[in-house]
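Enquirer: Provide a 3D model corresponding to the input given below.
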Amino acid sequence: MNRDSNLYTIVYASVMVILVALGLALTSQSLRSYQKKNEDIDKMMQILRSVRVQTTAADAEATFKSLIKESYLVDENGKQVEGDAFSTDYVKAFASKEPLPVFVASIDGETKYIMAMSGAGLWGPLWGYMSVNEDKSTVYGADFSHQGETPGLGAEITQSFFSKEFYDKKLFNEAGEFKSIAIVKPGKTAEGQDYVDGISGGTITSQGVNQMILTSMGGYIKFLTSQKQ
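Expert: Coordinates of the predicted model:
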């Protein structure tokens, strides 16, 4: 074939594109197991942070297995159903009212129930985990994550100073009514429910977290008001 012809150029370019695409596909496939492992470790660390346990990637799996004594799915009636809590697609589960995950931890001899959250912020998805004491109302801990909130503003929801605000807040009032936990502008209050200060300069993200807690924890009401598991 004439190397100076247009046909040669087209064939050569096509072959190179195919070879590069094949190489990238094989590389991606070979690394998938490592990527999945890293994703699982990150999820374990997030769940552990919701019960006030800080870990490194190196010891996350061992710590998770030591502290998380049980996990299961619960349906809209708060009943346990078949399924893998850890691998559940939380976004899909909340969107279609499918069974939701619950993780049961033992912290200093006390049982904590950990539930997943899913929502939307200013620039993308929000998610997180919230744990409650055995009364299934008092918040023990929380952890929040995001995909693309603004650094120094909305992205501050990942910081410990924000998650610590939720310690000992109540999801239910004294009458046993679900009230969630409100996110308010600093200096403001929320009548009839527990509340925390939102992120200064991150109003929309704070509103997203507020709605996420309301709708996500709302999906667990029957579980939270049921007899202790």
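
Enquirer: residues near the nearest residue to Ser71 once chain neighbours are set aside, how many?
Expert: Excluding its sequence neighbours, the residue lying closest to Ser71 (C-beta to C-beta, 6 or more residues apart in numbering) is Ala85, at 3.9 Å. (Each C-beta comes from the backbone N, C-alpha and C, glycine too.) Under the neighbour criterion other C-beta atoms under 10 Å, Ala85 is assigned a count of 20.

Enquirer: Can you tell me how far Ala85 is from Ile199?
Expert: Distance, Ala85 to Ile199, using C-beta to C-beta, to the nearest Å: 30 Å.

Enquirer: centroid residue for the protein?
Expert: Gly128 (2.9 Å; C-alpha atoms, centre = their mean).

Enquirer: Look at that residue and give its secondary structure.
Expert: Classification of Gly128 using DSSP: H, G, I helix; E, B strand; the rest coil returns strand.

Enquirer: Kindly provide the distance from Thr150 to Ile47.
Expert: Following C-beta to C-beta, the distance that separates Thr150 from Ile47 is 26 Å.

Enquirer: Please identify which of these two sits among more neighbours.
Expert: Each of Thr150 and Ile47 had its neighbours counted (other C-beta under 10 Å), and the higher figure belongs to Ile47 (25 against 17).

Enquirer: show me the contacts for that one.
Expert: Neighbouring residues of Ile47 by C-beta atoms under 8 Å, 6 or more residues apart in numbering: 64, 68, 103, 114, 129, 143.

Enquirer: which residues of the protein fall in helices?
Expert: Here the chain has its helices, by DSSP state H, at 6-49, 60-67, 90-96, 160-163, 203-218, 221-224.

Enquirer: Who are the packing partners of the second one?
Expert: With contacts defined as 3 or more C-beta pairs under 8 Å, 6 or more residues apart in numbering; DSSP states H and E, the secondary structure elements packing on helix 60-67 are helix 6-49, strand 100-107.

Enquirer: Tell me how many other residues surround the residue nearest to Lys97 when sequence neighbours are not counted.
Expert: With C-beta to C-beta, 6+ apart as the criterion, Lys97 has its nearest non-adjacent residue at 6.0 Å, and that residue is Glu76. As a burial measure, Glu76 scores 14 neighbours (other C-beta under 10 Å).

Enquirer: what do you get for Ser50?
Expert: Residues contacting Ser50 under the criterion other C-beta under 10 Å number 27.

Enquirer: ditto for Thr88
Expert: So Thr88, with other C-beta under 10 Å, has 17 neighbours.

Enquirer: State whether it and Val102 are indeed in contact, as I suppose.
Expert: No - the pair Thr88 and Val102 does not pass the contact test of C-beta atoms under 8 Å, sitting 10.4 Å apart.

Enquirer: what angle separates the lowest-mean-pLDDT helix or strand in the chain from helix 60-67?
Expert: Of all helical and strand segments in the chain, the minimum by mean pLDDT, DSSP states H and E falls on helix 6-49, at a mean of 85. Interaxial angle of helix 6-49 relative to helix 60-67 (axes from the mean of the first three to the mean of the last three C-alpha atoms, to 10 degrees): 30 degrees.
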